[in-house]
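**Q** okay, predicted coordinates and the sequence, questions at the end:
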Amino acid sequence: EAGVVQSPRYKIIEKKQPVAFWCNPISGHNTLYWYLQNLGQGPELLIRYENEEAVDDSQLPKDRFSAERLKGVDSTLKIQPAELGDSAVYLCASSVLRGSGGETQYFGPGTRLLVL
Amino acid sequence: QKEVEQNSGPLSVPEGAIASLNCTYSDRGSQSFFWYRQYSGKSPELIMFIYSNGDKEDGRFTAQLNKASQYVSLLIRDSQPSDSATYLCAVYGGATNKLIFGTGTLLAVQP
């Protein structure tokens, strides 16, 4: 079974430029998560989707970040404009929604973003 | 107080020894507890999860949960150099209804 797929794996951009990350979850996983991980820290949730619906985006900086999950499968996370402090690893994860919460999440390889 | 706390380490153990990794959490309503391993430059990889008080064993790994003390641990028996990585404790449930990660403990297994 294929795991969570993310692209690109690495991205270097100049500040104020836009950037987008793509994620394809594990087949059959209807819950998708975007996390941000800074060096030496654990992942922090940005947004969680259940199917097409964003059910938790409280930690997403909406002035510059946006996300979408059309058709409830692939998802895209966008930053516009990027700032120096956005340099981090952006992780996508997916799980099967069973309604009880605490479902096991499986992570993709991440996109390492460097903003110059 | 952080929601999930771990000693950042590094925790250094000799090859073949038992490595003990500890984690405490602040939300008494937490329901599910996970251990992830993360190699440098890689993404987190699930090792184990535990929901009930007591021990849960899987191969060389044992997760221990004590909800009264708000404490979860991971024991790695017969530690190998390939176990050298950062171990992330993650806690789900309670007030946040999301998976909260600790900052991780760096384990170094010395050959």
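**A** Yep, that arrived.
**Q** which bits of chain B sit near chain A?
**A** B:4, B:8, B:31-32, B:34, B:36, B:42-46, B:49, B:51, B:88, B:90, B:92-93, B:97-99, B:101-104 (CB under 8 Å from any CB of the partner chain). C-betas here are computed from N, CA, C, even on glycine.
**Q** report the central residue of chain A.
**A** Centroid-nearest residue in chain A: A:W34, 2.6 Å away (criterion: CA atoms, centre = their mean).
**Q** bridge partners for that residue, pull those for me.
**A** A:I47, A:C92 (DSSP bridges).
**Q** for it, give its distance to chain B.
**A** 12 Å (CB to the nearest CB, to the nearest Å).
**Q** any idea how far that residue lies from B:L75?
**A** 32 Å (CB to CB, to the nearest Å).
**Q** ok, B:A68 next?
**A** Taking CB to CB, one finds B:A68 at 19 Å from B:L75.
**Q** looking at these two, which one has more neighbours?
**A** B:L75 (16 against 7; other CB atoms under 10 Å in any protein chain shown).
**Q** wait, doesn't the more buried one sit right on B:A19?
**A** Yes: at 7.1 Å, B:L75 counts as touching B:A19 under the criterion of CB atoms under 8 Å.
**Q** next up, the contacts around B:L75.
**A** By CB atoms under 8 Å, 6 or more residues apart in numbering or on different chains, the residues touching B:L75 are B:I18, B:A19, B:S20, B:L21, B:F61, B:T62, B:A63, B:Q64.
**Q** for A:G102, report the pLDDT, please.
**A** A:G102 carries a pLDDT score of 65 in this model.
**Q** buried residues in stretch A:81-99, which are they?
**A** A:A82, A:D86, A:S87, A:A88, A:V89, A:Y90, A:L91, A:C92, A:A93, A:S94, A:S95 (16 or more other CB atoms under 10 Å in any protein chain shown).
**Q** return the distance of A:F107 relative to B:L106.
**A** Taking CB to CB, one finds A:F107 at 19 Å from B:L106.
**Q** compare neighbour counts for the two and give me the winner.
**A** A:F107 (23 against 19).
**Q** can I assume that one is in contact with B:E45?
**A** Yes: with contact defined as CB under 8 Å, A:F107 counts as touching B:E45 (7.3 Å).
**Q** who touches both of the two?
**A** The contact lists of A:F107 and B:E45 share B:Y36, where a contact means CB under 8 Å, 6+ apart.
**Q** among the contacts of B:L75, which ones are buried?
**A** Buried members of these, scored by 16+ other CB under 10 Å, are B:A19, B:L21, B:F61, B:T62, B:A63, B:Q64.
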